[in-house]
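Novice: The following block contains a protein sequence and its predicted model.
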Amino acid sequence: MISDSPGPLHEPQALGLAAQAPIYEALLDWWTFLREAAPVHDDQELGSWHVFGYDDVSAALTDHRTFSSDMRDLIEQPDAFSTVAQGAFLGFDPPAHDRLRSLVSKVFTPRLIQELAPRIAGISEGLLDAMNDSRDVDFVEQYAYPLPLAVIADILQIPVVDRARFRTWSSALFFQGRDGTPVLVATAEMLRSIDPLIAEMNSYFLDVIRSRRARPGLDLISRLVTVDEGGQRLRDEEILGVCGFLLVAGHITTTMLLTSSVLLLDEHPQAAADLRADPSLTASAVEEVMRHRGQLPAAARRTTREVVLHGRTLPQDSVVLLWLTSANRDPRVFPDPDTFDIRRTPNRHLALGRGIHYCLGAPLARLELTIALKALLRRWSHFAPSGPVRYEDPRHTIGAKEVPLRVRWTEN
């Protein structure tokens, strides 16, 4: 254990979790220090191991036989959480993972996602229209949150009146702690604390799934109900898990990336000017946002055997935190890694994972972010925070929960 290293995982005040504090910088310093001083770090207080370098993180993500995503043997799951987890294939290893992902991939296709582009553009423009040329904008509440939520609700064909319930459920699934307390690895106590909310969500979606079995339509749930691959079909509980996955990956992470995008463009006005002058750069800018300030700082894995890495011995069944954002700042892979460069190429970031668990919703996230940023950059000639930005805890997720903006609208 490195005694003289920064300890941002255990020192909330050092992280500056107050509304206006530079909360991200403490972690950046910690990653930079440990990437060189202790690339494999034994954290006895948290009870886990940390891995920081790009090559090591990438190798672990692609070696699912050694670094398993299945934590079920380490954490007791209460009833409701255990039910929704039956379809959470991101937490499975082959062959269960491969069966579920293959079936879902037959439905959640690139063609389906591309067909959403006009709808995403319409939602983006509608949200901007609803701001009524306001000088002051609550960016999260008026744009970054409702846009991806509306997209997912449309995909699932959920009534508008029910969409407000999504936020409570998705926050519970994402944070997995009492009162939204952020955690890196959930404990049995944390899961028990959210189990009543998850039970409510399960009941709702299982009712929807059963109704679509009786009368399927063209929505995603109906397609999941009817998908068949060599006689293999999805059970109701497995479809429920996919719905839970979409609630989290489909909108909270996109919300976080949208908040990081506008804050980075405010910090780098030349990049914003370049994107307005040449919107074709937006897709590249989205990749750089993911690399520079990706929404999930770490991915958790469990060792299936004893592993020796950089001279350190990780016992079997060790929890390992693979620091994605640290890997994305590794100077051995990314020249001048702390620079935000919207033209960076190549940009082999790990923000969306790698290997068999590479984010299934990556094409949708990229499409939403590209369309959303093009729309606001076209409609706003300038924007900047008008008050304190309230950040999420970057030990768990990177982004902002409150971004008040002062905007100047483009004259038509």
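Specialist: Structure received.
Novice: mind checking how far stretch 46-58 is from the chain centre?
Specialist: Stretch 46-58 sits 19 Å away from the centroid of its parent chain (CA atoms, centre = their mean, to the nearest Å).
Novice: residues in contact with the residue nearest to the spatial centre of the chain?
Specialist: Centroid check for the chain by CA atoms, centre = their mean gives Thr253 as the closest residue, at 3.4 Å. Thr253 is in contact with 295-296, 365, 397, counting by CB atoms under 8 Å, 6 or more residues apart in numbering. Just so you know, the C-beta spots here come from the backbone N, C-alpha and C atoms, and that holds for glycine as well.
Novice: Ok, Val151 next?
Specialist: Going by CB under 8 Å, 6+ apart, the list of residues near Val151 reads 116, 119-120, 123, 250-251, 364, 368.
Novice: Val208 too?
Specialist: Contacts of Val208 were listed using CB under 8 Å, 6+ apart, and they are 156, 158, 221.
Novice: Same question for Leu100.
Specialist: Applying CB under 8 Å, 6+ apart, the residues near Leu100 are 87, 89, 92, 234, 238.
Novice: for Glu402, same thing?
Specialist: With contacts defined as CB under 8 Å, 6+ apart, Glu402 is in contact with 19, 138, 140, 388-390.
Novice: Distance of it relative to Glu306?
Specialist: With distances defined as CB to CB, to the nearest Å, the gap from Glu402 to Glu306 amounts to 45 Å.
Novice: Flag the shaky bits of the stretch 1-150 of the chain, pLDDT-wise.
Specialist: 1-23 (pLDDT under 70).
Novice: can you pull out the strands in it?
Specialist: Under the criterion DSSP state E, counting those that start in this stretch, the stretch 1-150 of the chain contains strands at 40-43, 48-51, 67-68, 136-138.
Novice: Out of these, flag the one nearest Ser260.
Specialist: Shortest separation from Ser260 across those is recorded for strand 136-138, at 16.6 Å, computed as CB to CB.
Novice: list the helices and strands that closest one packs on?
Specialist: When contacts are defined as 3 or more CB pairs under 8 Å, 6 or more residues apart in numbering; DSSP states H and E, strand 136-138 sits against strand 404-409.
Novice: pLDDT on the strand it packs on, on average?
Specialist: For strand 404-409, the per-residue pLDDT values average out at 97.
Novice: and that strand, which strands flank it?
Specialist: If you go by DSSP bridges, strand 404-409 pairs up with strand 136-138 (antiparallel), strand 380-385 (antiparallel).
Novice: quick one: buried residues of the last one?
Specialist: What it means is strand 380-385. Residues of strand 380-385 classed as buried: 380, 383, 385 (neighbour count, 16 or more other CB atoms under 10 Å).
Novice: beta partners of the last one?
Specialist: Think Pro385. Leu405.
Novice: Quick one, grab the pLDDT at it.
Specialist: Pro385 is assigned 96 on the pLDDT scale.
Novice: Quick check: it touching Pro404?
Specialist: Yes. The pair Pro385 and Pro404 passes the contact test of CB atoms under 8 Å, sitting 6.3 Å apart.
Novice: returning to what we had before: among the contacts of Thr253, which one sits closest to Phe340?
Specialist: Looking at the contacts of Thr253 and their distance to Phe340, the nearest is Gln295, at 15.8 Å (CB to CB).
Novice: Next one: the closest one relative to Gly244, how far apart?
Specialist: Using CB to CB, which is the criterion applied here, Gln295 is 18 Å from Gly244.
Novice: Helices of the stretch 101-250 of the chain, residue ranges please.
Specialist: Remark: helices assigned in the stretch 101-250 of the chain by DSSP state H, counting those that start in this stretch are 110-115, 117-130, 139, 146-156, 164-175, 188-214, 220-226, 236-247.
Novice: In stretch 149-159, which residues are buried?
Specialist: Along stretch 149-159, these residues count as buried under the neighbour rule (16+ other CB under 10 Å): 149-156, 158.
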